[in-house]
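**Student:** let's see this in three dimensions:
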Amino acid sequence: MLARNPNARVPTVEDDGFVLWESNAILRYLGAKYASGAMFPTELKARADADRWMDWQQSTVLAPLTTIFWGRVRTPEAYTEEQIVQAEAAAVPLWKILDTRLKGRDWIMGDTFTIADIPLAILAWRWFSLAKESPTMVALDAWFVRIRARPAFEARVSGIPLT
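**Tutor:** Got it, this is the predicted structure:
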């Protein structure tokens, strides 16, 4: 594992001898190689917009969701309930940002499912599975129903336990 990824973490992908790690970098690479123009926007502004949502997932949404996930699933003894509740409270306005983005859209980028939806779908799965109180956000809730209806999501995410 260390030979492929010095961080000793997943995901790591090897494609024709090319080894790549970091989730969003992998999504961008696979999107460009296998789904350019479909799941991977090629128009410059659309591509930058998709990148923004992917980076926002890592730079902003991931922090409170990490506390919730680790506190409820991985190492509950390391977190107090107060820390988890505070993380949930911090996440709500972030999900409202995505809810606003999704108003009038089926997917983050509009009418087409793209790489922008994938990393946020993973965190949304954790959110909807673990948050004790999630206010109704109509557009976000509808988007997540569409996400859950995708066969790949069921097979690779929601069909397996949160660990």
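
**Student:** this structure: helices as residue ranges?
**Tutor:** Using DSSP state H, the helices of the chain run over 23-34, 44-56, 62-69, 81-102, 117-130, 138-149, 151-153.

**Student:** count of residues packed around the residue nearest to Asp106 when sequence neighbours are not counted?
**Tutor:** Closest residue to Asp106 in three dimensions, ignoring its sequence neighbours and counting by CB to CB, 6 or more residues apart in numbering: Arg146, at 6.2 Å. Yep, even glycine has a C-beta here, placed from its N, CA and C like the rest. Arg146 has 15 neighbours, counted by other CB atoms under 10 Å.

**Student:** ok, Arg146 to Leu102 distance?
**Tutor:** Remark: distance between Arg146 and Leu102 (CB to CB, to the nearest Å) = 10 Å.

**Student:** ditto for Ile108
**Tutor:** Distance, Ile108 to Leu102, using CB to CB: 7 Å.

**Student:** which neighbours do these two share?
**Tutor:** Residues touching both Ile108 and Leu102 by CB atoms under 8 Å, 6 or more residues apart in numbering: Trp143.

**Student:** make TSV out of the helices of the chain and add distance to Ile160 and mean pLDDT.
**Tutor:** Converted to TSV, the helices of the chain look like this (distance: least, CB to CB, whole Å; pLDDT from 0 to 100):
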stretch	distance to Ile160	mean pLDDT
helix 23-34	17	96
helix 44-56	23	97
helix 62-69	14	98
helix 81-102	22	98
helix 117-130	10	97
helix 138-149	14	98
helix 151-153	11	94
